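quick check, what structure comes out for this input:
(one chain, ligands or ions: 2)
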Amino acid sequence: MSLHAARLRGERAQPRIDVGRILHPRAVAVFGASDSKDKFGGRIMHFLVRHGFAGEIYPINPRRAEVLGRRAYPTIGVAPAAADVAILAVPADALVASVAAAADAGVGCCVIISTGFAEAGAAGMARQVALVEIARRTGMRLVGPNCMGLIVPHHRLALCSSVVLDTDRLRDGAIGLVSQSGALMVSIFDRAGGDGIGFRACVSLGNQADLEICDVVDYLVDETETEAICVYVEGLLNGARFRRSLAAARHAGKPVLVVKTGRTAAGVQAARSHTASLAGAFDVFEAVCRDEGAVLARDPDDMVRAAHFLTRHRKPRRGGVAILSSSGGAAGIASDRITELGLSLAALSAPTRAGLERFLLPAQAANPVDLGGRTVPEDVEIAGDVARLLFDDPDVAYGLAVLTSMPFFPQRTKLIGTAALASDKPVFVTLTPGPAADGPRQALRDVGLPYFDRFEDSVRVLALVAEHDARRGVAPAPAARPAGVPDGRVAPLAAGPLAPAEVAGLLERYGVPVARAAVRATPEAAADVADRLGFPVVLKIVSRQIVHKSDVGGVRLGLASRAAVVAAAHEMAAAVARAVPDAAIEGFVVQETVAGEAEVIVGARRDPHFGAVVLVGLGGVAVEILKDVALAAAPVDAGRARAMLDSLRVAPLFHGARGRPPLDVDAVVDVVVRVSWLAAALGPQLVDLEVNPLIVRRAGGGAVAVDGRATLNPND
Ligand code: ADP
Ligand code: MG
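Ligands and ions are numbered 1, 2, ... in the order given. Predicted structure coming up:
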């Protein structure tokens, strides 16, 4: 049984409690409550009390009359009332009975810290199934198991056993954090707190036996005080639902930032096509996030910092980066990185430059600004004056301050920080020295501006914020069906790899231009076709066992006569038999020769979570090595297809780089659109399909598919 099987599905009793009530319980029961901070139940009690939870607390422990001065109850059944939430960190073998008792006592939700469930082999799986069964029967909800609980600062609720909660304060904020991993959640919470960043709510979900990531994301989308949502995800339970949650967040104007594991996991197995290896699960996840305006981060702390800047500065912005440094060297490094990231340096307006020249030498009074080149004597205030002028410039969307040591270091840093906050633009300050910058660090903590110790950290977070800004706004309308694309699903076809004529037939039905061709069983019959098509022709082997025909001598180009076709067919059959002795040779494709300027791959695949996706890249052997492909959920419209092409590193080639003629981009766009519709119309039948190559001519000349393959699932 898979991890996902042991979770709630289908019919279940009406849920006793909603997510809002789970995060804002009026009464909490703590199983295994004790006075000792060395025990899970002890820490949970301590943190509940220490952080001033205002609701009822029912310690459950048959061996204690009192815990932390509160009356304890031997069983949940004798607690004075049904708790909204019970938290359990009892050993796995005793857990199911405790959860059953909680359900009998009318508890709304069990937060299960214990491990030893679906993540722990068959016995664990059986235990998780038992938990799920209780939840299904009673409508009691579950968080976990194998989680770390939840933290809701404004409700003074630390329902969590982690030592990071042994602090004076739970920092409140506008960020919602949803994490599959509990350990990561508390680490993120603590690190953010050190940066002065707080949370509206943090929820860890562990095995997601009942409550899953999307339940909490959907709650946070609706919750008025939450302004940004951070998600750490290992495995999604329902891709379509996740997509809807992202769309809802976008609609509500709430940034979503995501860290997901599996970036490097081996791609799809059974790579019968380039598309399969180029459109792995993570690539598809990334494309869906991008389509829905969410931002993928690599590092959880980056994710939260970016969310902080996005919630702190909510006005939409457009423009470039202003760099402020106390070192010409650091300013130079910063300029390079900004340019490398594809961001622009802000072009300062004349008034800004004139203003800066009151303090700085003309060469320094431009972006990047080097605070070192002053016209005026050493004074403290200059840092604040310069920063204000710079950050207020209308073309500046982001500030990047790289502060090496300087005179009046703490005072000036404080002035720069204050100017940054007053500008209402995100300003990313790095303090590059070590202990010498401790004073400035404190100064920034005092004004409430998170800072960075390493320049690269600041750049990564700036890039995430800029990425969000570039994508914010309303989602594009769903793609409209283009002319010539049939309505509805493709009728069921046989499973497995399709024959060349079947692939060509499908592509033609969806309006993709396909090279004229015919399949024949014998060399002589092939030559007859060549007569009809006109020389020179192309000859290809037909065999379901052969994926890459040219690798085994199965493609011959430029055959200029009947005799050449017949000879090539005999040679080809022999070469293929040598290279792939098991291959059953079904015949030969005779195809017109298509001249063009470039070869493009257009592929599609069905992702188990997100359905059909379409892919485009420049063809040839380099495509898999360079992975220079663009991916989107299918179907796409022409605008999206064009954006996909423009996002390729080789995009300039399409528009005529280095003396080459511009290619027929419109024709490529049209094929991407049509293949995406075909992929969507194949529905669950689709494994993958690709046109490789699509031969593309100069602008206005069109594009023609000369090779295609498709593999289908059995129909059920
Ligand atoms: P495979 O991908 O199985 O090796 P293809 O049918 O893609 O076989 O052929 C390999 C290469 O031969 C193509 O990438 C293209 O460069 C060239 N080619 C194939 N068919 C034609 C054609 N009809 N006109 C011109 N070139 C072709
Ligand atoms: Mg090919």
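
contacts and neighbour counts: CA atoms only from here.
Noted.

any idea which helix or strand comes after the worst-scoring helix or strand of the chain on mean pLDDT?
Least confident helix or strand of the chain, by mean pLDDT, DSSP states H and E, is helix 274-278 with a mean of 71. Along the chain past helix 274-278, the next helix or strand (assigned with DSSP states H and E) turns out to be helix 281-291.

helices or strands next to that next one in the packing?
Contact partners of helix 281-291 among helices and strands, from 3 or more C-alpha pairs under 8 Å, 6 or more residues apart in numbering; DSSP states H and E: helix 239-251, strand 295-297, strand 629-633.

ok, whichever residue of the stretch 351-500 of the chain sits closest to ligand 1 - contacts?
With C-alpha to the nearest ligand atom as the measure, Pro500 is the residue of the stretch 351-500 of the chain nearest to ligand 1, at 9.9 Å. Contacts here follow C-alpha atoms under 8 Å, 6 or more residues apart in numbering; on that basis Pro500 touches 542, 708-709.

and what of Val529?
Listed by C-alpha under 8 Å, 6+ apart, the contact partners of Val529 are 518, 590.

distance of it relative to Pro513?
Look at Val529 and Pro513: by C-alpha to C-alpha, to the nearest Å, they are 20 Å apart.

okay, buried residues for stretch 103-116 please.
By neighbour count with 16 or more other C-alpha atoms under 10 Å, stretch 103-116 contains the buried residues 103, 105-116.

quickly find the element holding the residue lying closest to Asp299 once chain neighbours are set aside.
By the measure of C-alpha to C-alpha, 6 or more residues apart in numbering, the closest residue to Asp299 outside its immediate chain neighbours is Val259, 6.7 Å from it. Under the assignment given by DSSP H and E, the secondary-structure element containing Val259 is strand 256-260.

what residues does that strand touch?
Outside of strand 256-260, the residues that reach it under the criterion C-alpha under 8 Å, 6+ apart are 228-234, 246, 249-250, 293-300, 303, 307.

quick check on these: which are buried?
Of all the contacts of strand 256-260 considered here, the ones buried according to neighbour count by 16+ other C-alpha under 10 Å are 228-233, 246, 249-250, 293-297, 300, 303, 307.

distance of the nearest residue to Lys549 once chain neighbours are set aside relative to Val447?
Of all residues not flanking Lys549 in the chain, Val555 sits nearest, at 6.1 Å (C-alpha to C-alpha, 6+ apart). Distance from Val555 to Val447, counting by C-alpha to C-alpha: 70 Å.

who's more crowded, the two?
Ranked by neighbour count (other C-alpha atoms under 10 Å), Val555 and Val447 place Val555 first, with 19 against 13.

what sits against that one?
Applying C-alpha under 8 Å, 6+ apart, the residues contacting Val555 are 538-541, 549, 572.

of those residues, closest to ligand 1?
In terms of C-alpha to the nearest ligand atom, no member of those lies closer to ligand 1 than Lys549, at 3.5 Å.

count of neighbours near the closest one?
By the measure other C-alpha under 10 Å, the count of residues near Lys549 is 16.

the stretch 451-600 of the chain: helices as residue ranges?
In the stretch 451-600 of the chain, the helices defined using DSSP state H, counting those that start in this stretch lie at 455-471, 500-509, 523-533, 562-579.

looking at the ones you listed, which is buried most?
Mean neighbour count (mean count of other C-alpha atoms under 10 Å) peaks for helix 455-471 among the helices of the stretch 451-600 of the chain, with a mean of 20.

report all helices and strands that that one contacts.
Here helix 455-471 touches strand 295-297, helix 300-312, strand 396-403, strand 427-431, going by 3+ C-alpha pairs under 8 Å, 6+ apart.
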